[in-house]
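Undergrad: Mind folding the following:
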Amino acid sequence: MFTRTYGKLYMQNAEVFQDLFTELKRYYTGGNVNLEEMLNDFWSRLLERMFQLLNSQYHFTDDYLECVSKYTDQLKPFGDVPRKLKAQVTRAFIAARTFVQGLMVGREVANRVAKVNVIPACVRALTKMLYCPYCRSMPGLKPCHNYCHNVMRGCLANQADLDAEWNLFIDAMLLVAERLEGPFNIEAVVEPVDIKISEAITTMKDNSMQVSAKVFQGCGQPKASGIGRSARGISDVFSARFRPYTPEERPTTAAGTSLDRLLIDIKEKLKESKRFWSNLPDDICAKGKFTESDEDQCWNSHTKGRYFPEVVKEGLTNQVNNPEVEVDITRPDTLIRQQIMALRVMTNKLKNAYNGNDIYFQDSSDEGSTSGSGSGCSSGCTTEYVFVGTEASVIGADRSDERAAAAAGKSCSVGPSLLLLMATLTLSLRAMQTQWR
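TA: Numbering: from 1, shown residues only. Coordinates of the predicted model:
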């Protein structure tokens, strides 16, 4: 659109605008970009180029142009457009990037937790529940519902402890999703950026005489270049009407869907995932599927009959009296604790993004930098764009925890997990239910 309106002038200065969108894309994809500094730099560079074009009868040195850029805030040559655009762009991009990173963290946490190995006591309990009826010549007998609950709550004791932090994370994701549907909608912000820049250019052109006079007063009178201004003045080019895309011309997303529709779908899936970890035993032990609906005609760990022990509550500390699985409540799983920390850090970032603030992210290609974006964060802020797991460090996690996790990872067996198989089956069933709704 800039090419249509400004023609050769735009082509000669295209890198100024291309750099703006390149940096916005780099920020969105996780690069270490300070949005405010980047936008300030864009307007300063645009002022320098515009000033030279509007005063082409003069020769300007690099030092002189640097002096010109210092007057950007004082003269406000582009009117109020830079201030408004900065507020809109920073809020929208912070929210969008943080939301996407939140989705990545949720996925990685689920993937890591699914790979946690089963403790020997759980293997024994599962074997007893699933296969002992065969030894008693009752191959078709399903486990009692409450019996299955005690076994699975013992096996998934550490996973259930994720639930509190997971629910806070989901709530924070939903809050940011609401922002993306409203004032922080990145599509609504990006679409008119070209029009706003064109408005700023027009404002600069209209005020060029006053701006030039004040710059000459502050930076000194420049030397004449010996080349007069073009007969068809630069002002004529800048007066050309800027024509943005029509609705038919404007490109859509790869899936042909708008951000609003995508957000509606994601929000529904996020709501369904609340209490996911504490509900895993319920999902696995659903009556009529994995367990017997008739409480008197089921496998109770010894024979066919009613299961009398009480069902223990979920969570590691509640397994001290679990009658089916012997769980050491003094030794929480290190990897699970890592994921709790990763969720806690991401939740904090989401809350900041909800308020339009950014927490520093470190690009893997720029590890030495300590600049922030939008929040004035210093070296004490969370860094790193790689979030969880033993191969890559958790954001903001205590390094001693990471070393402990690495040591634990080496000592664990890497064999197939029956628990993983059951959890995967549950996830698959849930996905199929969602698909066929």
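Undergrad: can you tell me the helix or strand for Asp41?
TA: helix 35-54 (DSSP states H and E).
Undergrad: how far does that helix sit from the chain's center?
TA: Counting by Cα atoms, centre = their mean, to the nearest Å, helix 35-54 is centred 30 Å from the centre of its parent chain.
Undergrad: now stretch 116-129
TA: 36 Å.
Undergrad: Rounded mean pLDDT for it, please.
TA: Here stretch 116-129 scores 91 as its mean pLDDT.
Undergrad: got it, and stretch 152-161?
TA: For stretch 152-161, the per-residue pLDDT averages 94.
Undergrad: CA-only coordinates of it in PDB, if you can.
TA: The C-alpha coordinates for stretch 152-161 follow below in PDB (Å, rounded to 0.1, in the frame of the first residue of the first chain):
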ATOM      1  CA  MET A 152      -5.200 -44.300  40.600                       C
ATOM      2  CA  ARG A 153      -5.000 -41.700  43.300                       C
ATOM      3  CA  GLY A 154      -2.000 -43.400  44.800                       C
ATOM      4  CA  CYS A 155      -0.400 -43.800  41.300                       C
ATOM      5  CA  LEU A 156      -1.200 -40.200  40.400                       C
ATOM      6  CA  ALA A 157      -0.500 -38.600  43.700                       C
ATOM      7  CA  ASN A 158       2.300 -36.300  42.500                       C
ATOM      8  CA  GLN A 159       0.400 -35.400  39.300                       C
ATOM      9  CA  ALA A 160      -2.600 -34.300  41.400                       C
ATOM     10  CA  ASP A 161      -0.400 -31.700  43.200                       C
END
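Undergrad: Which of the residues in stretch 158-178 are classified as buried?
TA: 158-163, 165-170, 172-173, 175-177 (16 or more other Cβ atoms under 10 Å). C-beta coordinates here come from the backbone N, C-alpha and C atoms, glycine included.
Undergrad: Which element, helix or strand, includes the residue positioned nearest the centre of the chain?
TA: What sits nearest the mean C-alpha location of the chain, by Cα atoms, centre = their mean, is Gln101, with 1.9 Å. Using DSSP H and E, Gln101 sits in helix 81-114.
Undergrad: And stretch 198-211, how far out from the chain middle?
TA: 38 Å.
Undergrad: please renumber so the chain begins at 26
TA: Done: numbering now begins at 26, and the last item shifts to stretch 223-236.
Undergrad: Report the buried residues of it.
TA: Neighbour-count burial for stretch 223-236 [16+ other Cβ under 10 Å]: Ser223, Glu224, Ala225, Ile226, Thr227, Thr228, Met229, Lys230, Asn232, Ser233, Val236.
Undergrad: got the phi/psi numbers for Pro168?
TA: Main-chain dihedrals, Pro168, degrees, to the nearest 10: phi -70, psi 150.
Undergrad: And it, what's its pLDDT?
TA: For Pro168, pLDDT reads 93.
Undergrad: Just to check, it is in contact with Glu320?
TA: No. Using Cβ atoms under 8 Å as the test, Pro168 is too far from Glu320 to be in contact (11.2 Å).
Undergrad: The two: which is more packed in?
TA: Between Pro168 and Glu320, Pro168 has the larger neighbour count (other Cβ atoms under 10 Å), namely 24 against 16.
Undergrad: For the more buried one, which residues are in contact?
TA: Residues in contact with Pro168 (Cβ atoms under 8 Å, 6 or more residues apart in numbering) are Met154, Leu155, Val176, Cys310, Phe315, Thr316, Glu317, Cys323, Trp324.
Undergrad: let's go with 7 Å and repeat that
TA: Met154, Thr316, Glu317, Cys323, Trp324 (Cβ atoms under 7 Å, 6 or more residues apart in numbering).
Undergrad: In the stretch 126-275 of the chain, where is pLDDT below threshold?
TA: 251-275 (pLDDT under 70).
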